[in-house]
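> Have a look at this prediction, sequence included:
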Amino acid sequence: MNFTEETATDAVLASFAGTPDPRLRQVVSAFVRHLHAFVREVEPTITEWEEAVQFLTAVGQRSDETRQEFVLLSDVLGVSMLVEAINARLHTGEAATGSDHRTPLDVTASTVLGPFHVVESPHRALGDNIDLVGGHQPCVITGEVVDPDGSPLAGATVDVWQCDEDGFYDVQAPDTQPLGNGRGLFTTDDEGRFWFRTVVPRYYPIPTDGPVGKLLLATERHPYRPAHIHFIVDAPGHVPLTTHLFVADSPYIDSDAVFAVNDALVREFVEVDDPEKAAGYGVTVPFRYAEARLVVRPLPKALPV
């Protein structure tokens, strides 16, 4: 078969037809079809295609052990959140299929992992302070991990990471932050509760010194994310949850560069002036306070054979 514009897609699909793994065959075939359709629609010049290859090469070269530029690219294109949304729908259907016909609480919305979950969070005791550099105003976060029926989940791990009050993660500012600043791995108590001390994170720009930043600049998109705290919840017998807690009064709450804001994840970080409450949490007044109820769905039950 001559390889022409008309026969190109069929020729490439035929080359993958013998792929033994059916899922791999499905994915590769769909990728070829859609990529070829894209090329036919855009009709890139050879120079433009070379530039596209150079851009993807630069994305890979910019990635290292403390930064994932491909994750960043996926985020700003909305692909990361689309994958999260699709998987949330799939898991919801699976959970419903194997459920006990309960009326569930709304499961906490999942969000992007982001490019800075690249350092293992240190194990910390409940109530520990993850602000290792001494921010200006302390913040207390209390929360609980529960089932969709509201049952507390003891022994769940809650992985937390955030930027500092100036908008930088530890890996971005090694000269001013020790590794592990703003990070902690907590375990819920017998009532599914957890709490920790920190500072209110600041809004910040995603890294703009690489190829993804150049893409945003060329398309006149701003690079900012609203202030937030990341969480990964892992409870035995439940689907792991990756999510955020967003600061309600943060700039860019309505235009997150990676499309991760969900109204249900926005919280008021209330300023508290009560000295007695401050003493109970081991902080000074005034401090900021927010709550995080994290609802995780059970793993689907096996269907009868």
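Yep, that arrived.
> which regions of the stretch 151-300 of the chain lie under the pLDDT threshold?
For the stretch 151-300 of the chain, no stretch has pLDDT under 70.
> Go again with 90.
Residue ranges of the stretch 151-300 of the chain with pLDDT under 90: 300.
> show me where the protein has helices.
8-15, 22-42, 46-62, 69-76, 79-97, 211-218, 275-281 (DSSP state H).
> Please identify which of those is closest to E268.
Closest to E268 of those is helix 275-281 (C-beta to C-beta; 15.9 Å). Just so you know, the C-beta spots here come from the backbone N, C-alpha and C atoms, and that holds for glycine as well.
> What residues of the closest one count as buried?
For helix 275-281, the neighbour count (16 or more other C-beta atoms under 10 Å) marks A278, Y281 as buried.
> Determine how far that helix lies from the middle of the whole chain.
32 Å (C-alpha atoms, centre = their mean, to the nearest Å).
> before we move on, what about stretch 151-167?
Offset of stretch 151-167 from its chain centre (C-alpha atoms, centre = their mean): 12 Å.
> Span of it from start to end?
In stretch 151-167, first residue to last residue: 36 Å (C-alpha to C-alpha, to the nearest Å).
> try stretch 71-84
13 Å.
> again, but for stretch 214-223
Start and end residues of stretch 214-223 are separated by 10 Å (C-alpha to C-alpha).
> now the strands: where do they sit in this structure?
Using DSSP state E, the strands of the chain run over residues 138-146, 157-161, 183-187, 193-199, 204-205, 224-225, 228-234, 241-247, 266-267, 270-272, 287-295.
> For burial, what's the neighbour tally of the closest residue to Y204 other than its chain neighbours?
Excluding the flanking residues, the one nearest Y204 by C-beta to C-beta, 6 or more residues apart in numbering is G167, at 3.3 Å. The tally of other residues near G167 (other C-beta atoms under 10 Å) stands at 16.
> just to revisit the earlier point, please tabulate the strands of the chain in CSV, including the columns distance to V28.
Formatted as CSV, the strands of the chain follow (distance: least, C-beta to C-beta, whole Å):
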stretch, distance to V28
strand 138-146, 38
strand 157-161, 33
strand 183-187, 37
strand 193-199, 42
strand 204-205, 36
strand 224-225, 33
strand 228-234, 30
strand 241-247, 27
strand 266-267, 40
strand 270-272, 51
strand 287-295, 37
